[in-house]
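Participant: could you work out the structure for the sequence below:
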Amino acid sequence: MGNRGMEDLIPLVNHLQDAFASIGQNASLDLPQIAVVGGQSAGKSSVLENFLGKDFLPRGSGIVTRRPLVLQLITCPTEFAEFLHCKGKKFTDFDEVRQEIEAETDRVTGQNKGISPVPINLRVYSPNVLNLTLVDLPGMTKVPVGDQPADIEHQIRDMIMQFVTKDNCLLLAVSPANSDLANSDALKIAKEVDPQGLRTIGVITKLDLMDEGTDARDILENKLLPLRRGYIGVVNRSQKDIDGKKDITVALQAERKFFLSHPAYRHLADRMGTAHLQKVLNQQLTNHIRDTLPGLRSKLQSQLLSIEKEVEEYKNFRPDDPGRKTKALLQMVQQFAVDFEKRIEGSGDQVDTYELSGGAKINRIFHERFPFELVKLESDEKTLRKEISYAIKNIHGIRTGLFTPDMAFETIVKRQVAQIKEPCQKCVDMVISELVNTVRQCTQKLAQYPMLREEMERIVTQHIRDRESFSKNQVMLLIDIELAYINTNHEDFIGFANAQQKSSQMNKKKATGNQVVRKGWLTINNISIMKGGAKEYWFVLTAETLSWYKDDEEKEKKYMLPVDNLKLKDIEKSFMSSKHVFALFNTEHRNVYKDYRQLELASESQEEVDSWKASFLRAGVYPERSVDKDKVEAEESSSDGQIHSLDPQLERQVEIVRNLVDSYLSIVHCTVRDLIPKTVMHLMVNNTKEFIHADLLAHLYSCGDQNTLMEESQEQAQHRDEMLKMYHALREGLSIIGDISTSTISTAMPPPVDDSWLQVTGMPSGRRSPMSSPTHQRRAPPGPPRSGGRAAPGLPGPPSRPAVSPDPGTPPSVPSRPNRAPPPGVPRISLSDQ
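Facilitator: Down below sits the predicted model:
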């Protein structure tokens, strides 16, 4: 015979598990453990067997269960058992399971009553069980026997606590009826780990072994020593029955007959016995399952809502419908055009929060990277003056010139302007690279049509590459136009009259003033570990100074550095650091900061470093030029290298040309910084957008069979099938949850009872212990009912509170067995004493 109530629960749980398994998830029912606790030979193993309806645990007198047995029940079409220590070996005969438990216990603990906290893990697979964990624990004892250690009481207690302290563990506190219940170790542990009594069920065994004339009626009616969930009486098979192989079905019939025929328990028969214990535990499992249903329902509904819109498109899906393919192609091209434009022009939706991309990155190329590349071209002052002096001398030739030659100015200017071609081409390359990257990002949404994605990416990228040479030619044309005519009548050109009085440095200072150029976090990288190591500060860059503060509130200034005579250079990234570093140094070889020759500044990304470099350019701090040292030394050692410094007239002419060149180059740079981005924008970016909107679809149609282009990827077909399957499984799961809700009933938690009897820790002398069991009380002769009356047969009696003693610290006394003499010096207590 199995557990009938559990068999009724199994289909419900299986339906739930199947519904969740079909969508690749676990129903997370987390059914509770059931642990039996009690003294030795209290009948714990029999209670556990009765719940399962299987006969397979060792029996005997004294301590039989000497290791915890963790019994995992697993739903399975076939019935067998296996041990964790015997992997791969299946037991179909449960007599062999009992023998293996005994052998494994002896292997670890020996054969002389030794114990061990190492559990035996047994799994029972059966179609008639739920996924539960049952725990059979050693009985509590106080006196060691055999090979048992001196502290066996504490060892067994610690062993039990490992299991019963879990909130998900139902506790069966097993106590035999033929011993004092008030001294029950099981009830003491239950009160300690479950003070509210929410998960403790009292089980009274050996009711058939009580002394003649005594019964446990008051306990089973939950009147004395009450528990919130009450007590259930059971009659297990005796050792003689077990040895005689008495069938468990016959034993259950005998138990039922015992309760129906016993005068003290007849009215409680429907709430006693193994069958009722099974029913109570099964109802507890049902309650637990019902408690989890709202959370499961909410989980399913949220998932269903999240996929409903996508599934709507798949419901009437026909893969080979040509109309669908044409419509999908048009939608894909339109969506690609919209996504590309949004990435270039900017949009509030689908914003990348990790890095710059699309239009934002192109903007940075135009206004930070390109100006930075232009400024890097500026010649070193000393080198530029040398070139001007050589030009003046070579133009005069053998004659000594009296006037500053125009040709020297024009020659130097054209040479400087011609160098601008390289940064302009680099700007075009960077924009093209970002456009190609943007196309690739936009085609990611076409993953369901790999052929279409590949073809669309190829066509647009090829168009961008085709425009590359044309755009570069147009950019070069702009520079050639600048070289074609040096316009000295430009309104911003200083002219010869003002060239002697102005300098480029003054113009820069006048133009910028002391305005704030940039603020942000940077790390000072070259502070030694002895002085605190690298630290992050808040930097404020103006046209004249670089200051840093402790934080961005700018209250505690750490240092302020003038930017005059500063230049910046790149520093190689350390293999031990992920930061990107650049340095500021003084061109006059002075310390920049305290005793440091250079100030190394670091940031997390190269983009941030490039942005700071562009900001330093606006403040007049330029990058270091890499000059061939051998060439410099050769020039300095030659007599020509000093010739210009010997002639005051030549010096004056060099200064005039120098100022003229600087003035005209500033005009050219301003024009180039304005025109090149506009040209690239028109020829590359806007042209690509127009091509996608106007010509992409025609190119796709001309490249071949549209059916081939619109073939779905295997991943997409699989994804569609999975989404439809998940959709139907979610709906089925919600339907099953609704069925379970209507086909099962929750039982309310019993009301709290007065369990103060379990909180007593000490006894006053001279009185009998209140823990004396009422189970041995002899029945009173027939007569008028006692005060308060007896419940009618068949109905549970109302729980009553123990009598209150005049001494508030002394718990009530419980009547003991009559005709028993009290110990010497202890007065007899009767009901009249109360």
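
Participant: hey, let's count contacts and neighbours off CA atoms from now on
Facilitator: Fine.

Participant: packing partners for the helix or strand where residue 608 lies?
Facilitator: Per DSSP states H and E: residue 608 is located in helix 606-618. Identification of packing neighbours for helix 606-618 by 3 or more C-alpha pairs under 8 Å, 6 or more residues apart in numbering; DSSP states H and E yields helix 370-375, strand 516-524, strand 580-586.

Participant: where do the strands sit along the stretch 601-750 of the chain?
Facilitator: Remark: strands of the stretch 601-750 of the chain, listed N- to C-terminal, are 622-623; assignment by DSSP state E, counting those that start in this stretch.

Participant: which residues of it fall in helices?
Facilitator: Read by DSSP state H, counting those that start in this stretch, the stretch 601-750 of the chain holds these helices, from start to end of the chain: 606-618, 629-637, 640-643, 648-680, 687-694, 696-702, 706-709, 714-743.

Participant: next, the buried residues of the last one.
Facilitator: Buried residues in helix 714-743, defined by neighbour count with 16 or more other C-alpha atoms under 10 Å: 720, 723-724, 726-730, 732-734, 736-737, 740.

Participant: among the helices and strands packed on helix 606-618, which gets the worst mean confidence?
Facilitator: The stretch with the lowest mean pLDDT among those is helix 370-375, at a mean of 83.

Participant: and it, how far from the chain's centre?
Facilitator: The gap between where helix 370-375 is centred and where its chain is centred comes out at 44 Å by C-alpha atoms, centre = their mean, to the nearest Å.

Participant: so who does residue 413 touch?
Facilitator: Residue 413 makes contact with 661, 664-665, according to C-alpha atoms under 8 Å, 6 or more residues apart in numbering.

Participant: which SS state does the closest residue to residue 153 other than its chain neighbours fall under?
Facilitator: Nearest residue to residue 153, sequence neighbours excluded (C-alpha to C-alpha, 6 or more residues apart in numbering): residue 142, at 5.1 Å. When the structure is reduced to helix, strand and coil (DSSP: H, G, I helix; E, B strand; the rest coil), residue 142 reads as coil.

Participant: any weak-confidence spans in the stretch 501-650 of the chain?
Facilitator: Filtered on pLDDT under 70, the stretch 501-650 of the chain yields the residue ranges 501-514, 528-533, 574-577, 625-649.

Participant: if we can go back for a sec, can you point out the buried residues in the helix holding residue 608?
Facilitator: Neighbour counts over helix 606-618 (16+ other C-alpha under 10 Å) mark 607-618 as buried.

Participant: any chance of those in JSON lines, plus distance to residue 441?
Facilitator: JSON lines is the format used below for these (distance: C-alpha to C-alpha, whole Å):
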{"residue": "607", "distance to residue 441": "20"}
{"residue": "608", "distance to residue 441": "23"}
{"residue": "609", "distance to residue 441": "25"}
{"residue": "610", "distance to residue 441": "24"}
{"residue": "611", "distance to residue 441": "24"}
{"residue": "612", "distance to residue 441": "28"}
{"residue": "613", "distance to residue 441": "29"}
{"residue": "614", "distance to residue 441": "28"}
{"residue": "615", "distance to residue 441": "30"}
{"residue": "616", "distance to residue 441": "33"}
{"residue": "617", "distance to residue 441": "33"}
{"residue": "618", "distance to residue 441": "33"}
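
Participant: residue 188: which of the residues you listed is nearest?
Facilitator: For those, the residue nearest residue 188 by C-alpha to C-alpha is residue 608; the value is 67.8 Å.

Participant: nearest to residue 38, out of the helices and strands packed on helix 606-618?
Facilitator: Of all those, it is strand 516-524 that lies closest to residue 38, at 66.9 Å by C-alpha to C-alpha.

Participant: shouldn't residue 172 be within a helix?
Facilitator: No - secondary structure assignment places residue 172 outside any helix; it is strand (three-state DSSP).

Participant: re earlier: including distance to residue 468, could the helices of the stretch 601-750 of the chain go into TSV?
Facilitator: As requested, these are exported to TSV (distance: least, C-alpha to C-alpha, whole Å):
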stretch	distance to residue 468
helix 606-618	25
helix 629-637	37
helix 640-643	44
helix 648-680	10
helix 687-694	11
helix 696-702	18
helix 706-709	28
helix 714-743	36
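
Participant: nearest to residue 427, of the ones you listed?
Facilitator: Each of these was scored for nearness to residue 427 using C-alpha to C-alpha, and the closest is helix 648-680 (8.4 Å).

Participant: and the closest one, what does it pack onto?
Facilitator: For helix 648-680, the packing partners by 3+ C-alpha pairs under 8 Å, 6+ apart come out as helix 370-375, helix 381-396, helix 406-418, helix 421-442, helix 450-484, helix 495-499, helix 504-512.

Participant: okay, these in JSON lines with distance to residue 209 next?
Facilitator: Formatted as JSON lines, the helices and strands packed on helix 648-680 follow (distance: least, C-alpha to C-alpha, whole Å):
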{"stretch": "helix 370-375", "distance to residue 209": "100"}
{"stretch": "helix 381-396", "distance to residue 209": "114"}
{"stretch": "helix 406-418", "distance to residue 209": "115"}
{"stretch": "helix 421-442", "distance to residue 209": "82"}
{"stretch": "helix 450-484", "distance to residue 209": "80"}
{"stretch": "helix 495-499", "distance to residue 209": "125"}
{"stretch": "helix 504-512", "distance to residue 209": "106"}
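
Participant: mean pLDDT lowest for which of the ones you listed?
Facilitator: For those, mean pLDDT drops lowest on helix 504-512, to a mean of 44.

Participant: any buried residues in stretch 552-563, and which?
Facilitator: residue 563.

Participant: same check on stretch 369-380?
Facilitator: Residues of stretch 369-380 classed as buried under the neighbour-count rule (16+ other C-alpha under 10 Å) are 369-375, 377-378.

Participant: same check, this time on stretch 75-87
Facilitator: Applying a neighbour-count criterion of 16+ other C-alpha under 10 Å, the buried positions in stretch 75-87 are 75, 79-83.

Participant: also stretch 252-269?
Facilitator: Counting neighbours by 16+ other C-alpha under 10 Å, one finds that the buried residues in stretch 252-269 are 252, 255-256, 258-260, 264-269.
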